[in-house]
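Undergrad: what would the 3D arrangement of this be:
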Amino acid sequence: MTFVMGPALLFCPADRPERYQKAASRADAVILDLEDAVAPADKQRARGAILAQLGTVGEGPELDPSRTIVRINPAGTEEFGKDLHFLAHTPYRTVMLAKTESAEQLEALQDYHVIALCETAAGVLNAPAIAAAPNVVALMWGAEDLLASLGGTSSRKDDGAYRAVALHARSAVLLAARAFGKEAVDAVYVNIPDLDGLKAEASDAVASGFSSKACIHPTQANVVRGAYAPDDADVAAARELLRAAAAAGSGVFQFNGRMIDGPILKHAESTLRRAGANV
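TA: Prediction:
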């Protein structure tokens, strides 16, 4: 099974099965959350809800395993063991490991594609080793859990901008993921009504190199998708630049007053890939 890592990944509480299909229809992939979104007393019921929807053929569509992620509880916890036992009875083979802190924690997940969620100080510092693990397909960072692990109170300033330590963690996780050829997922934007702020942050994620951004509400998914989808003018400019490069041959050349070299051409190619166009 090939997992589809689209730009908008939407969290859905696993104990709310009535929301599964809505989440799946709004986003590129749905994250069934067995960790923070579910109270400890409800986790077993949440696993049962996921199993129950597997038997709904004829009553409604099942979730597509190629577009479904299950966020499981941190390694070493009792709930982690229960999650592994439950997963063996499902078709889902892409998991998000909450609070990943070391490559060794991934050994119990050899049969799964893992999105490692680096949201503690240890996880961020060990991000390169985590990214190097063969079963890791992506790294994601988490702002609020990170600040909590540091003894802080908020990842953002009063104006909504990230604090320096959060920006450092964001960059560290992105660099580690890309250094090992893995995907990188940007953290959620928790101010749900602030779609303009989300758009700005998602646009920065695109420009910085994140392949996806996680969402916590269906209204956020289209904003993220829009940020990742180049407009017609961007696509036309990228095509024009690449045509000019082909005409110029190899080496550095000047185009529309700019000096163009290899990295700039890669930016144009990336724009066309995001648009689903031929490079």
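
Undergrad: report the buried residues of stretch 145-157.
TA: If you call a residue buried by 16 or more other C-beta atoms under 10 Å, then stretch 145-157 has these buried ones: 145-147, 149, 155. No exception for glycine: its C-beta is placed from N, CA and C like everyone else's.

Undergrad: repeat that for stretch 165-178.
TA: Counting neighbours by 16+ other C-beta under 10 Å, stretch 165-178 gives 165-166, 169-170, 172-178 as buried.

Undergrad: could you dump those to CSV with pLDDT?
TA: Putting those into CSV (pLDDT from 0 to 100) gives the following:
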residue, pLDDT
V165, 97
A166, 98
A169, 98
R170, 98
A172, 98
V173, 98
L174, 98
L175, 98
A176, 98
A177, 98
R178, 97
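
Undergrad: farthest-separated two in those residues?
TA: Using C-beta to C-beta, the two most remote members of these are V165 and R178, lying 20.8 Å apart.

Undergrad: wait, W141 sits on C118?
TA: Yes: counting by C-beta atoms under 8 Å, W141 does reach C118; the two are 5.3 Å apart.

Undergrad: return the member of the buried residues of stretch 145-157 nearest to A127.
TA: Using C-beta to C-beta, L146 is the member of the buried residues of stretch 145-157 that sits closest to A127, with 11.7 Å.

Undergrad: columns pLDDT and distance to E104 on top of the buried residues of stretch 145-157, output as CSV?
TA: Shown next, in CSV, are the buried residues of stretch 145-157 (pLDDT from 0 to 100; distance: C-beta to C-beta, whole Å):
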residue, pLDDT, distance to E104
D145, 95, 20
L146, 97, 20
L147, 96, 25
S149, 93, 19
S155, 96, 27
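
Undergrad: hmm, S203 is touching P230, no?
TA: No: with contact defined as C-beta under 8 Å, S203 does not reach P230; the gap is 11.2 Å.

Undergrad: can you pick out the residue with more neighbours from the two?
TA: Set side by side, S203 and P230 show unequal neighbour counts under other C-beta atoms under 10 Å, the larger going to P230 at 20 against 15.

Undergrad: burial count for F86?
TA: Look at F86: counted by other C-beta under 10 Å, it has 20 neighbours.

Undergrad: and M140, what does it touch?
TA: M140 is in contact with 96, 115-118, 173, 184-187, 214, counting by C-beta atoms under 8 Å, 6 or more residues apart in numbering.

Undergrad: which of these ranks first by neighbour count?
TA: Looking at the contacts of M140 with neighbours defined as other C-beta under 10 Å, the largest count falls to A116 at 35 neighbours.

Undergrad: where does that residue fall, phi/psi-wise?
TA: phi -90, psi 120 (degrees, to the nearest 10).

Undergrad: bridge partners for it, pull those for me.
TA: In this entry, A116 is beta-bridged to L97, L139, by DSSP bridges.

Undergrad: thought it was touching W141?
TA: No: here A116 lies out of contact with W141, judged by C-beta under 8 Å, at a distance of 9.8 Å.

Undergrad: any common contacting residues for those two?
TA: Among the neighbours of A116, none is also in contact with W141 (C-beta under 8 Å, 6+ apart).

Undergrad: follow-up on the earlier one: shared neighbours of W141 and C118, anything?
TA: With C-beta under 8 Å, 6+ apart applied, the overlap between the contact sets of W141 and C118 consists of 124, 169, 173.

Undergrad: take those and write them to TSV, including secondary structure and distance to Y20.
TA: TSV is the format used below for the shared contacts of W141 and C118 (DSSP: H, G, I helix; E, B strand; the rest coil; distance: C-beta to C-beta, whole Å):
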residue	secondary structure	distance to Y20
V124	helix	31
A169	helix	31
V173	helix	28
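
Undergrad: and after the host helix or strand of L32, which helix or strand comes next?
TA: Assigned by DSSP states H and E, L32 belongs to strand 29-33. The C-terminal neighbour of strand 29-33 among helices and strands, as given by DSSP H and E, is helix 43-53.

Undergrad: for the residue nearest to A127 when sequence neighbours are not counted, what is the enclosing helix or strand?
TA: The spatially closest residue to A127, leaving aside those adjacent along the chain, is A176, at 3.7 Å (C-beta to C-beta, 6 or more residues apart in numbering). Assessed by DSSP H and E, A176 sits inside helix 164-179.

Undergrad: what lines up beside whichever helix or strand comes after that helix in the sheet?
TA: Following the chain from helix 164-179 toward its C-terminal end, the next helix or strand by DSSP H and E is strand 183-186. Within its sheet, strand 183-186 is paired with strand 136-141 (parallel), strand 212-215 (parallel), according to DSSP bridges.
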